[in-house]
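A.B. asks: Sequence first, predicted model second:
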Protein chains: 2
Amino acid sequence: MNFREKFEAAAKASGSFLCCGLDLDPLKLPAGFSATVSGLKRFAFKVIDSTQDLVCAYKPNIAFYESLGLAGGKLLKEIIRHIPGRIPVILDAKRADIGNTSAHYAKAAFEEFCADAVTVNPYMGSDSVEPFLKYTEKCTFILVVTSNKGGQDFQFLDAGGEPLYIRVARKAAEWNTAGNIGAVVGATHPDGIRRVREILKKEIFLIPGIGTQAGDVEDSVKNTFLFNGTGIFNVSRDVLYAGGMKEIRSKAEYYRDLIAKAYAARGG
Amino acid sequence: MNFREKFEAAAKASGSFLCCGLDLDPLKLPAGFSATVSGLKRFAFKVIDSTQDLVCAYKPNIAFYESLGLAGGKLLKEIIRHIPGRIPVILDAKRADIGNTSAHYAKAAFEEFCADAVTVNPYMGSDSVEPFLKYTEKCTFILVVTSNKGGQDFQFLDAGGEPLYIRVARKAAEWNTAGNIGAVVGATHPDGIRRVREILKKEIFLIPGIGTQAGDVEDSVKNTFLFNGTGIFNVSRDVLYAGGMKEIRSKAEYYRDLIAKAYAARGG
């Protein structure tokens, strides 16, 4: 089963396009969980147990595990192993390097951490992306438009009559000969989603920026599902640190429903 | 002692601008070293012992350690600890993410791995770089022009009358209020080095692409040292996999001398 099939099955089973980010921060744990690696693990396991029927994917961001030192890698592996096999795991790592080095990043993400998908930074171009694409059953999400303010420093520069991010999207289309490329396009730029969708008509979009970052859910959903498109809408902090498990679950339901409502209302 | 002082002292003591990349590949070890984590460790320690008087820095690329699984993180820590304290360690990690996440990457590089410098990808812009810059004694090398072929996909696009990499260099100059930014500019683009040097006049350049990637040493050195500039010239594979320790040492001497010769001949 390749990534697209796994994602589509998970979305269908849960009736949800929501992805829950697993960005574990010892400083933000709710009461009852110690700010230790074992506290983080217990918290993450509980969050997964409490939300697994509400999501189509989980997305741990590896930075939060690296900052824990050596124990962080082990924790990340355990968390990925705890996620039910039917739910795809997107490792948010934003990696890329020259070709022979990127092959090592791809191996780490797909073989060591056993992620189903990984996020990749396009700045270094084709040979930095290509080793990831060799894993044809996996998905490589190229950063096209990121949700942060700094994303505008370069991504929106005019590059020969169109913004740089459009050039990135065009390259991604060119690279996608095996159908295993996706695109990261932030909900903070719904118009960017529409423009990227015109180029990558059926690719899976990974949409960050909902929740704390205040992206536009309605327009983001509408534009993601244009043509034959589909997408995965990520919320991290706003679900994860909503309070106890009851609040976490109800925040996940809230976003699942918000996305579903926008999906139903999108027309077309 | 901040990064610049440490680098300058190391370059002066060794009479060398050569940095040795520590990209450990179990498939490329010379005879006498097993393709295991302990074989890699023994090899790396010997390489460091054999070359420490010939280099101004070491640069482990973290991808090669991540692909080894959990043992890789421990190995990387041990190798960094084995490097004599007077020699700066550049962690080649090419990280960056939205601000609150980049803070975790910075913590991992500088506090967990205790690197003196790290490489950072600029695609996500200012807030993705800023958490690294808070470590004022450390150095953050921004990818400006990379040495690989794919680097031309986006870095050389015309972005409002000048190549994208020049826009990146201008932003790096703007961000460098604490004097702790450096730039990665590949030796495969000596003219790019010159153009970036015109913007970042005294910043330390990290120059990959010499050796296997066949960058131009003479022009790269000349352009790096224009104005008040200085630089660190990295060779990884061509030194590391030259043969036994004798060949490794003599390859390191060869590159040290090649760079020194170009430095002496640069005129100006």
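C.D. replies: Nice, I can see it.

A.B. asks: Return the distance of whichever residue of the stretch 151-268 of chain A sits closest to chain B relative to B:A183.
C.D. replies: In the stretch 151-268 of chain A, the residue that lies nearest chain B is A:D153 (3.3 Å; C-beta to the nearest C-beta). In short, each C-beta sits where N, CA and C put it, glycine included. Counting by C-beta to C-beta, to the nearest Å, the gap from A:D153 to B:A183 is 16 Å.

A.B. asks: So those two - more neighbours on which side?
C.D. replies: B:A183 (29 against 22; other C-beta atoms under 10 Å in any protein chain shown).

A.B. asks: Show me the helices in the stretch 1-150 of chain A, by range?
C.D. replies: A:3-14, A:37-51, A:63-66, A:70-82, A:99-107, A:126-133 (DSSP state H, counting those that start in this stretch).

A.B. asks: The third one near chain B anywhere?
C.D. replies: Yes - residues of helix A:63-66 are located near chain B by C-beta under 8 Å from any C-beta of the partner chain, namely A:63-64, A:66.

A.B. asks: okay, the residues you listed in TSV with neighbour count and pLDDT next?
C.D. replies: As requested, those are exported to TSV (neighbours: other C-beta atoms under 10 Å in any protein chain shown; pLDDT from 0 to 100):
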residue	neighbour count	pLDDT
A:A63	25	98
A:F64	28	98
A:E66	25	98
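
A.B. asks: Name whatever forms a beta bridge with A:V235.
C.D. replies: In this structure, A:V235 bridges to A:C20 when assessed by DSSP bridges.

A.B. asks: phi, psi of A:I207?
C.D. replies: Main-chain torsions, A:I207, degrees, to the nearest 10: phi -110, psi 100.

A.B. asks: just checking, it touches A:I193?
C.D. replies: Yes - counting by C-beta atoms under 8 Å, A:I193 is a contact partner of A:I207 at 7.1 Å.

A.B. asks: Sort out which one of the residues of helix A:63-66 next to chain B lies nearest B:C56 for me.
C.D. replies: A:E66 (27.0 Å; C-beta to C-beta).

A.B. asks: what sits against that closest one?
C.D. replies: A:72-73, B:104-105, B:108, B:112 (C-beta atoms under 8 Å, 6 or more residues apart in numbering or on different chains).

A.B. asks: tell me the SS of the residue nearest the centre of chain A?
C.D. replies: Central residue of chain A (C-alpha atoms, centre = their mean): A:L206, 4.9 Å from the mean position. Look at A:L206: counting by DSSP: H, G, I helix; E, B strand; the rest coil, its state is strand.

A.B. asks: So for B:T224, which of the helices of the stretch 1-150 of chain A sits nearest?
C.D. replies: Nearest of the helices of the stretch 1-150 of chain A (C-beta to C-beta): helix A:99-107, 22.6 Å.

A.B. asks: And the contacts of that closest one?
C.D. replies: With C-beta under 8 Å, 6+ apart as the criterion, helix A:99-107 contacts A:93, A:95-97, A:118, A:127-132, A:134-135, B:23, B:61, B:63-64, B:66-67, B:148, B:150.

A.B. asks: Point out where chain A drops to low pLDDT.
C.D. replies: Residue ranges of chain A with pLDDT under 70: A:268.

A.B. asks: need the longest helix for it.
C.D. replies: helix A:245-264 (DSSP state H).

A.B. asks: Quick check: which helices or strands does that one pack against?
C.D. replies: strand A:18-21, helix A:37-51, helix A:217-224, strand A:230-235, helix A:237-240 (3 or more C-beta pairs under 8 Å, 6 or more residues apart in numbering or on different chains; DSSP states H and E).

A.B. asks: Can you lay out the ones you listed as CSV showing mean neighbour count?
C.D. replies: Listed next are those as CSV, based on neighbours: other C-beta atoms under 10 Å in any protein chain shown:
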stretch, mean neighbour count
strand A:18-21, 28
helix A:37-51, 18
helix A:217-224, 23
strand A:230-235, 28
helix A:237-240, 22
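
A.B. asks: Distance to B:R266 added to these, as TSV?
C.D. replies: Output for these, formatted as TSV (distance: least, C-beta to C-beta, whole Å):
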stretch	distance to B:R266
strand A:18-21	50
helix A:37-51	52
helix A:217-224	53
strand A:230-235	50
helix A:237-240	51
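
A.B. asks: Quick check: which of these is nearest to B:V168?
C.D. replies: B:V168 lies closest to strand A:230-235 among the helices and strands packed on helix A:245-264, at 27.1 Å (C-beta to C-beta).

A.B. asks: could you dump that closest one to PDB, C-alpha only?
C.D. replies: What follows is strand A:230-235, C-alpha atoms only, in PDB (Å, rounded to 0.1, in the frame of the first residue of the first chain):
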ATOM      1  CA  THR A 230      -6.800  16.400  -1.800                       C
ATOM      2  CA  GLY A 231      -5.000  17.500   1.400                       C
ATOM      3  CA  ILE A 232      -3.900  16.900   4.900                       C
ATOM      4  CA  PHE A 233      -4.600  19.800   7.300                       C
ATOM      5  CA  ASN A 234      -2.200  19.900  10.200                       C
ATOM      6  CA  VAL A 235      -2.800  21.400  13.700                       C
END
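
A.B. asks: tilt between that strand and helix A:3-14?
C.D. replies: Strand A:230-235 runs at 70 degrees relative to helix A:3-14, counting by axes from the mean of the first three to the mean of the last three C-alpha atoms, to 10 degrees.
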